[in-house]
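In: my questions are about this predicted structure, shown below with the sequence.
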Amino acid sequence: MLRTKQRTAVVVFLLPPLGLYLLAVVGPILYSLVLSLFEWDGLSDMRFVGLDNYRQMLFSDDIFWTATGHGLVYLAVSLFFQLVVALMLANLLTYISRGRELVKTVYLLPAIVSTVAIALMFRRIYSLEPLGLVNAALGAVGLDVLQRPFLSDLDTVLVAVSAPEGWRFAGLYMLILYAALIAVPKELEEAARLDGASEWRVFTQIRFPYIRPVFLTTAIMAATYSLRGFDIPYLLTNGGPGHASELLTTYMYKTAFTNTDFGYASTLSVFIVLQCIVAVALILGVRRTGRDAS
Amino acid sequence: MSVQVAPSASLRSETRVPVPAGRRRLHVARRAAPALVTAIVLVQIYPLVWVFLTSLRPAGEFAAGNPFSLPTDLTLENYRRAWEMAPLPTFIINSLVVTVVSNVLIVGLGMMAAYALTVLGFRGSKVVLGLFLIGIIVPVHVALVPLFITYSRVGLLDTYQSMILPLAGFSLPMSVYLFSSFYSYIPRETYEAAELDGAGPYRIFLQITAPLSSNTVITVVFVNSIFIWNDFVFANTFVLSENLKTIPLGLQNYMGAMGSMDWTATFAAVCVTVTPLLLIFLVLNKAIIYGLESGATKG
Amino acid sequence: MKHTRWALAAAMALALSACNGAGAGGETDPSKVTGEIEPREVSWLLSRPADGAVIATIEEIAADYAEEHPGFSLNLITTPDRPSYLQKFETLATANKLPDFFDTDATPFADKLRQRGDMVDVEALLESLDMLDDYRPLALDYQRFDDGGLFMLPFEFEAEFFWYNTKLFEKAGVEVPATLDDLVDVCGPLRDAGVVPIALDGQDQWPLERYLSYYPFRLAGPDYVKELKKGEASITEEPGRAAAEWIYELGQAGCFPEGFSSTGYTDARDLFTTGKAAIYQIGTWELPTLAGPLPPETEGAVDYFTLPTVDGAVTDDNDYTVVSGIGTALSSRTFDPLVKDFVTYVLQEYPERYAAQGRFSPTTNVETTKPEGASPLYDKVVAELDNLGDETAMPWDTQLDPTSNTRLQQELTLLAQGEITAEEFLTIVDETIKENAE
């Protein structure tokens, strides 16, 4: 349906958004690409170093690899809350007859509280000296052995900083999944129940296949926002203790603004962008197989 | 991405295995669900209550007591301090300006791009869509140094635009993605009928596509508002003057020497600053939830 | 105007070139700046609390100045949170957009700015105003670069003490530690008495780094860190090794609260003021809190001791960490007769007005007014400040290059937590410093 008139229309409609996008997103990425070939502290003259920064990043920077690995854990924990827990809650909600509206509203609330407040609250929730909420609860049920300063313990800190991010936006994704679940035709479920299927079976064999496309959209949203995660780890632990909760984003930020090593920070940026392209390709791949399967 | 996927045909025959316990289990599920849901509601609402109670707690008690107990004394003193220490209304107005303008851009431009890519279509539209998709997960920090250097050259530092441009730019990809998912779901026939009436691409956009998008608009606006309202990084990097500070930046005014913080006043300020968002949310609650539900499931 | 701005934004795409437009600096010699005073808006980028005494005093002075010079105004751009401030400061410096006044410590980054000719020579300025002798030498030394160059003005003067709770010391049956090793030894009894021995703000990392600087300062004096950062001394040598081992021992003895690495500044202070922790290392900037009204658990029980010594110390007991706060530099690019006149006025007015608020001026020509209701502790501190030695234990975080400093701070937390040994700590830090030393 491409006629001349429409060709101008395409240009008219596409140019402004593309312009903004190129200006605010693509431009800076290209700029980073250039900067990544230089050594620059922001003050002295820039020194062209070719691929040295990349060589350093890939072969002699242990923190870089640690942070990359942490990013995956962070993603996994966030997604656990935002997809698994959210889906479970959404499913539970369909069994409730009263107060659904209230519940839906309340679920969304943590998302609108300022990050600074969330971070401070979690610092106190995880604390051991003075006794915080989690440790108090563990003590109350006799699990004293599990008590620990969650944000200082090298084994727990990474999960501890990931959880708030997951918890915070779980409500948002739950709502979307809930909407999809109630759209599942009742006749299908009833038929299954009449056949004696358990609720678990109803969920796995009827509901989930039915909402799979929505689930994928939700997964894309959740994954992308989690990959951008920065505020909460930065405010809670700033990547510490040591590098136990360092993410690529916090590492890049510190390299740029604490160490004023803009060239190397740009190299890390470029890697993050590459990582993103791979992630998008993977997600689109899953989408395609999903479509083919149905 | 369509919801109207038929469950696999094999299912029915599979579930025909006689397991008579089904009905009873449903009752168990029905009975357990409220208790679980209530527990989770408490977890979700807790932080807001905590922030609010802390804002009413005397500063000394916050320092000394168990921060999770109920306050013994209620005081508005924290609010008075919060009000005195920083121009809160200015911060709120700035945040509103940035959030509203960014959202207008995100929605308007997102719809336009999705319309061009999905409805009008052209050769290479998939490539352009892919280009947008890459932007979905690029962390915003990539842009800080390049944008700062460029801003300072063209004199854009310390303006509303300096914050709005990257905020809108980085939210645009998700918006384009959601709108184009939704548009691919609008039946072709809708447009063909309009075209027969002689409507051009502009009229179709304004009279058919745009009005149909309202649910997706709500989804996009709500999700982005949360992120933009809370943005700290861009504001801190690009804004210098006190009268352009947004809320997250303004909250720093409660910070004292060497990193000490007047927490109770900060929380009072958090309560004040969260109010506009909360009010909008409560007033538009039904519309937002409805929009999220239908906007995202169709998308 | 709006339209042009947006058009400019569009032009940004074209401006995406990678060349660095760093031009030459302005006039760094203040005596060469003369001429007509033309009032305008003057900006000051600072990292001080918005409601603090420094800003209050400066604002008051600026208001008086504006009355005599219509058209003058002072725009204070304040970012109290230090990491956010540094990010802003560095981006502005990178873009050559530093305002008339800006706050900075004598860091390697600031040194680069000075070498680029971006800062006015403050020593020459004070000399020409005949004010140099008014200043406490320690206050000026804190602001100096390694070669002695003075390019930042001090606006505060604070000493760092170990504050302790006399009631808790009694309860645990311990004495004020005389040596650094004694400090380790008091932790056991305090723990047994059910209190946290030392409150520590681990979140901000500089407090723990102070502890690392103590042993070397006592054993080798103030020059050690200056040699260390240039790679002339190695941290694996005796002073550094002793420091690392001491930190490890402090951690092993349970001196710091469990989970200190995520304890914030306020939390640490509250731990002490509410009687849950026995010792708290902090500067006299907290004196208004510590000598002011306190909760019953600590009321009348707060005292302090100064930095303990070690066997074979080369510095005197009255030498310890004394700071004059983050300094203020004058941008040479915008240093004109107005800025010169204004800063002169500020320097004349500041000490007296600042001291009137109960704070300690970096000069010796005024007497601090004791705030109403302050405890006798206040007088004790005032007397202590008149009895200072002539060396100061420089905080390491302003000395080391930022990359080494970041790495050191991160590893230091692990060391205090007992996750790594002193040997491992020294090896990593030594490598990092070698890589990054100028």
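Out: Happy to help now that I have it.
In: could you list the low-pLDDT ranges of the chain?
Out: With no chain named, the answer covers chain A. A:1-5, A:129, A:280, A:283-284, A:287, A:289-294 (pLDDT under 70).
In: hmm, no, I was thinking of chain C.
Out: Within chain C, the set of residues satisfying pLDDT under 70 comprises C:1-25, C:438.
In: domain assignment for it?
Out: C:37-156+C:325-368, C:158-322+C:391-436 (automatic domain parsing).
In: flag every residue of the stretch 151-300 of chain C that's near chain A.
Out: In this structure, the stretch 151-300 of chain C approaches chain A at residues C:196, C:202-203, C:205, C:257-264, C:267, C:271, C:276, judged by CB under 8 Å from any CB of the partner chain. Any C-beta I mention is one placed from the backbone N, CA and C, and that applies to glycine too.
In: how about the residues you listed, which pair is most distant?
Out: Of all pairs drawn from these, the greatest distance, 21.8 Å, lies between C:Gln205 and C:Lys276 (CB to CB).
In: relative to chain A, how far out is C:Cys255?
Out: Counting by CB to the nearest CB, to the nearest Å, the separation of C:Cys255 from chain A is 12 Å.
In: could you find the closest non-adjacent residue to the closest residue to chain A within the stretch 101-250 of chain B?
Out: With CB to the nearest CB as the measure, B:Gly169 is the residue of the stretch 101-250 of chain B nearest to chain A, at 2.6 Å. Distances taken as CB to CB, 6 or more residues apart in numbering or on different chains place A:Ala24 nearest to B:Gly169, at 2.6 Å, with adjacent residues excluded.
In: wait, the one you found touches B:Leu144, no?
Out: No. Using CB atoms under 8 Å, A:Ala24 makes no contact with B:Leu144, being 11.8 Å away.
In: now render the domains of chain C as TSV, adding mean neighbour count.
Out: Converted to TSV, the domains of chain C look like this (neighbours: other CB atoms under 10 Å in any protein chain shown):
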stretch	mean neighbour count
domain C:37-156+C:325-368	20
domain C:158-322+C:391-436	20
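In: of those, give the one that comes closest to A:Ile63.
Out: domain C:158-322+C:391-436 (8.7 Å).
In: measure stretch C:64-76 end to end?
Out: The stretch stretch C:64-76 measures 16 Å between its terminal residues, going by CA to CA, to the nearest Å.
In: how far out from the middle of the chain is that stretch?
Out: 29 Å (CA atoms, centre = their mean, to the nearest Å).
In: other residues contacting it?
Out: When contacts are defined by CB atoms under 8 Å, 6 or more residues apart in numbering or on different chains, stretch C:64-76 is touched by residues B:241-242, C:37-44, C:46, C:55, C:58-59, C:62, C:99, C:338, C:342, C:345-346, C:349.
In: now the strands for the stretch 201-350 of chain C?
Out: With strands called from DSSP state E, counting those that start in this stretch, the stretch 201-350 of chain C shows them at C:277-283, C:302-305, C:322-323, C:327-330.
In: mind checking which of those strands is nearest chain B?
Out: strand C:277-283 (7.6 Å).
In: isn't B:Val272 right next to B:Leu88, touching?
Out: Yes. Taking contact to mean CB under 8 Å, the distance of 5.6 Å between B:Val272 and B:Leu88 places them in contact.
In: list residues touching both of those two?
Out: Where contact means CB under 8 Å, 6+ apart, the residues bridging B:Val272 and B:Leu88 through contact with each are B:Ala82.
In: take the domains of chain C and lay them out in TSV including distance to B:Trp50.
Out: TSV is the format used below for those (distance: least, CB to CB, whole Å):
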stretch	distance to B:Trp50
domain C:37-156+C:325-368	23
domain C:158-322+C:391-436	16
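In: of those domains, which is nearest A:Phe215?
Out: Closest of the domains of chain C to A:Phe215 is domain C:158-322+C:391-436, at 35.1 Å (criterion: CB to CB).
In: residue closest to the middle of chain A?
Out: Note on chain A: the residue nearest the mean C-alpha position is A:Ser226, at 1.0 Å, using CA atoms, centre = their mean.
In: are we agreed that that one is in a strand?
Out: No. Under DSSP: H, G, I helix; E, B strand; the rest coil, A:Ser226 sits outside any strand and is assigned helix.
In: and B:Asn78, what does it touch?
Out: Residues counted as contacts of B:Asn78 (CB under 8 Å, 6+ apart) are B:Ser55, B:Leu56, B:Arg57, B:Ala59, B:Thr264, B:Ala265, B:Phe267, B:Ala268.
In: does it lie in a helix or a strand, and which?
Out: helix B:77-85 (DSSP states H and E).
In: which SSE is immediately downstream of that helix?
Out: With elements assigned by DSSP H and E, the helix or strand that comes after helix B:77-85 is helix B:88-114.
In: can you show me the helices along the stretch 101-250 of chain C?
Out: Along the stretch 101-250 of chain C, the stretches classed as helices by DSSP state H, counting those that start in this stretch are C:108-115, C:122-128, C:137-143, C:166-172, C:180-192, C:206-220, C:223-230, C:238-252.
In: you'd agree the residue of the stretch 101-250 of chain B closest to chain A is up against A:Leu20?
Out: Yes. When contacts are counted by CB under 8 Å, B:Gly169 is listed as touching A:Leu20 (5.4 Å).
In: tell me which of these two has more neighbours.
Out: More neighbours surround B:Gly169 than the other of B:Gly169 and A:Leu20, with 28 against 22 (other CB atoms under 10 Å in any protein chain shown).
In: so who does the more buried one touch?
Out: Taking CB under 8 Å, 6+ apart as the criterion, B:Gly169 is in contact with A:Leu20, A:Tyr21, A:Leu23, A:Ala24, A:Val25, B:Gly135, B:Ala143.
In: go again using 7 Å as the cut-off
Out: B:Gly169 makes contacts with A:Leu20, A:Tyr21, A:Leu23, A:Ala24, A:Val25, as judged by CB atoms under 7 Å, 6 or more residues apart in numbering or on different chains.
In: right, I'll leave it there.
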